[in-house]
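Enquirer: Pasting the sequence and the predicted model now:
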Amino acid sequence: MEEESPAVEISEVDHFYGHRQALTQVTFTVREGEIFGLLGPNGGGKTTLFRIVSTLFQPSSGSVRVFGHETRADSDLVRQSMGVVFQSFSLDKLLTVEENLKCQGRLYGLSGSDLQIRIEDRLTKVGLRDRLKDRVGTLSGGMQRRVEIAKGLLHQPRLLLMDEPSTGLDPGARIDLWRYLKKLQQEEGTTIFLTTHLMEEAEKCDRLGILSKGKLSGLGSPRELKSEIGGEVVTLSVKDRESASKKIAETFGAEVNIQNGSLRFEIPHAKDRINDILNLLSEEPESIHIGKATLEDVFIHRTGHRFWEEEDSES
């Protein structure tokens, strides 16, 4: 049986802004029906890649296919198969919810009773059917984001692209948003491809691509990515970092990194070896923390620096 084409296939994509390279040989696929997250700090290349997949940009080199259609040659077909929710709100706040969606529907050739049925169906599914006649500017940020999703799904696309979907939402609205995205995936089989810089949001995805300084640094499910950390993660603050680092490396065979002024290393069963760690030190540590691997630990493991350090380095 012939294997189905992936929903999105990104192959050896490079992109330049003048002389600055924003993306370097980025290659991965998004499977049909999954929620795929592109995780990385601001300035890491996520939005550039999002714009390329959504056909706003063409890559400097490489190719992107959406359900088998190349974004460069078949951009019209690609656009018909996807809905896009941008980070910045694109709704007219002076118009009603219904008026916004009617404008969107007409761009896709929808009209009359068919358009009205779709508007009411999508608003029902995002829990806003009773806000049909309300002006968008009177809605909360979470409600506006749900209207944006209804707008992106009005033409019944197979793929939903979302750039930083939780931006500006309070914790309750984020929970509601993810409840709806899971329902959309499970009940309608929609493929969802989103970008995020939030670790808790990335944890909810089926699979992740980690993008750092324009390069793909990791790919897999959150569980798979965290399992590559060789044990528990120890963060140790001492004055004599050089001596402590050398002793830890020699004793445990661990790679020791200095992160934010503290030593960071990974060893199996670290909690059971706390006395062994302390006995190596020639001084009492200022602090020591042992915990299970997180996605930020994966980022450090893959890139050699903390998540926010990359963002802070961007001009």
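Expert: Cool, the structure landed.
Enquirer: Could you count how many residues lie near the nearest residue to Val30 once chain neighbours are set aside?
Expert: What sits nearest to Val30 in space, not counting adjacent residues and going by C-beta to C-beta, 6 or more residues apart in numbering, is Val8, at 3.9 Å. All C-beta atoms are positioned from the backbone trio N, CA, C, and that covers glycine. Number of residues near Val8 (other C-beta atoms under 10 Å) recorded here: 23.
Enquirer: Does Leu94 touch Thr138 like I think?
Expert: No: here Leu94 lies out of contact with Thr138, judged by C-beta atoms under 8 Å, at a distance of 10.5 Å.
Enquirer: For this protein, which segments are assigned as strands?
Expert: Assigned by DSSP state E, the chain shows strands spanning 8-17, 20-30, 35-39, 61-66, 69-70, 82-85, 159-163, 191-196, 207-212, 215-220, 232-237, 257-259, 262-267, 287-291.
Enquirer: As a markdown table, those strands with distance to Val126 would be great.
Expert: Supplementary listing: the strands of the chain in a markdown table, determined by distance: least, C-beta to C-beta, whole Å:
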| stretch | distance to Val126 |
| --- | --- |
| strand 8-17 | 24 |
| strand 20-30 | 23 |
| strand 35-39 | 17 |
| strand 61-66 | 24 |
| strand 69-70 | 28 |
| strand 82-85 | 12 |
| strand 159-163 | 12 |
| strand 191-196 | 14 |
| strand 207-212 | 25 |
| strand 215-220 | 30 |
| strand 232-237 | 39 |
| strand 257-259 | 41 |
| strand 262-267 | 42 |
| strand 287-291 | 37 |
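Enquirer: Take the ones you listed and write them to TSV, including distance to Ser245 and mean pLDDT.
Expert: Formatted as TSV, the strands of the chain follow (distance: least, C-beta to C-beta, whole Å; pLDDT from 0 to 100):
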stretch	distance to Ser245	mean pLDDT
strand 8-17	37	97
strand 20-30	31	97
strand 35-39	29	96
strand 61-66	40	96
strand 69-70	50	94
strand 82-85	45	92
strand 159-163	40	95
strand 191-196	33	96
strand 207-212	24	95
strand 215-220	24	95
strand 232-237	9	88
strand 257-259	7	80
strand 262-267	6	87
strand 287-291	14	88
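Enquirer: so how far is Gly68 from Ser61?
Expert: 20 Å (C-beta to C-beta, to the nearest Å).
Enquirer: ok, now which ones touch the nearest residue to Leu211 once chain neighbours are set aside?
Expert: Nearest non-adjacent residue to Leu211, counting by C-beta to C-beta, 6+ apart: Gly40, 3.8 Å away. When contacts are counted by C-beta atoms under 8 Å, 6 or more residues apart in numbering, Gly40 touches Lys46, Thr195, His197, Ile210, Leu211, Ser212.
Enquirer: what do you get if the cut-off is 6 Å, keeping everything else the same?
Expert: With contact set as C-beta atoms under 6 Å, 6 or more residues apart in numbering, Gly40 has these partners: Lys46, Leu211, Ser212.
Enquirer: For the residue of the chain most remote from its centre, give me the pLDDT.
Expert: Largest separation from the mean C-alpha position in the chain: Ser282, at 42.8 Å (C-alpha atoms, centre = their mean). Ser282 is assigned a predicted lDDT (pLDDT) of 79.
Enquirer: give me phi/psi at it?
Expert: Backbone torsions of Ser282, given as degrees, to the nearest 10, read phi -90, psi 0.
Enquirer: do you know how far the nearest residue to Gly189 once chain neighbours are set aside is from Gly218?
Expert: Using C-beta to C-beta, 6+ apart and skipping the chain neighbours, the partner closest in space to Gly189 is Gly33 (5.2 Å). From Gly33 over to Gly218 the distance is 22 Å, taken as C-beta to C-beta.
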